[in-house]
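Student: got a sequence here, can you model it:
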Amino acid sequence: MQLEEKARELISKKYYSPVVVLNDNKNITLNSVLDTSNGTLFTICDSHYSFKDQEGNFWLTIPKKLIINDEQYYPVIGNRYICDGIKYSFRTKEVVIAMAIDYFKKHIRKDYTLKKKKKWHLFFCMGQRYVLPYKSFKSRTNSKIKFYISNN
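Tutor: Below is the predicted model:
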């Protein structure tokens with residue numbers, strides 16, 4: 001799988017509650033994944049990628065130019081700049097995307113894409129065989145819940 005596809009897949013996943021996906025509906029090229037508990041952030045904007053960890057360090061792909069305190073810089077891979085206590089490190093997109101995947105993969109909801117595979121459950125009790133059908137119904141209290149499996 002191409003690296004850009006992995007980054008787009010990371011943006012399209014569903015996450016547990018402290019992690020949210022942010023995007024601009026008008027400008028589909030700007031997408032972010034944010035951990036609201038500690039401020040870790042992964043951003044895709046056009047073909048530029050950035051990752052910020054909880055200490056406030058930034059890893060970015062190479063921009064054409066960088067303006068810090070009204071001075072222009074032309075960074076290359078491996079350069080580091082410090083501005084207002086924030087460290088900016090310039091890396092390849094492979095490194096930036098790999099850092100984001102390593103951090104956010106532990107927050108992905110694996111149960112979100114759970115599909116119903118069985119229509120009934122078979123079990124034995126005291127020599128008797130019982131067949132229990134799975135029943136599904138629409139939740140009235142939460143419209144986001146599509147169905148609920150009940151075995152009463």
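
Student: and the helix ranked longest in the chain, which residues are buried?
Tutor: Longest helix of the chain, by residue count under DSSP state H: helix 93-104. Within helix 93-104, the residues that count as buried by 16 or more other C-beta atoms under 10 Å are 93, 95, 96, 97, 98, 99, 100, 101, 103, 104. C-beta coordinates here come from the backbone N, C-alpha and C atoms, glycine included.

Student: for residue 81, state which of the residues you listed is nearest.
Tutor: For the buried residues of helix 93-104, the residue nearest residue 81 by C-beta to C-beta is residue 96; the value is 15.8 Å.

Student: quick one: contacts for residue 30?
Tutor: The contact partners of residue 30, taken as C-beta atoms under 8 Å, 6 or more residues apart in numbering, are 23, 24, 43, 44, 45.

Student: using TSV, lay out the residues you listed together with neighbour count, distance to residue 129 and secondary structure.
Tutor: Formatted as TSV, the contacts of residue 30 follow (neighbours: other C-beta atoms under 10 Å; distance: C-beta to C-beta, whole Å; DSSP: H, G, I helix; E, B strand; the rest coil):
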residue	neighbour count	distance to residue 129	secondary structure
23	14	52	strand
24	11	57	coil
43	20	56	strand
44	23	54	strand
45	14	59	strand
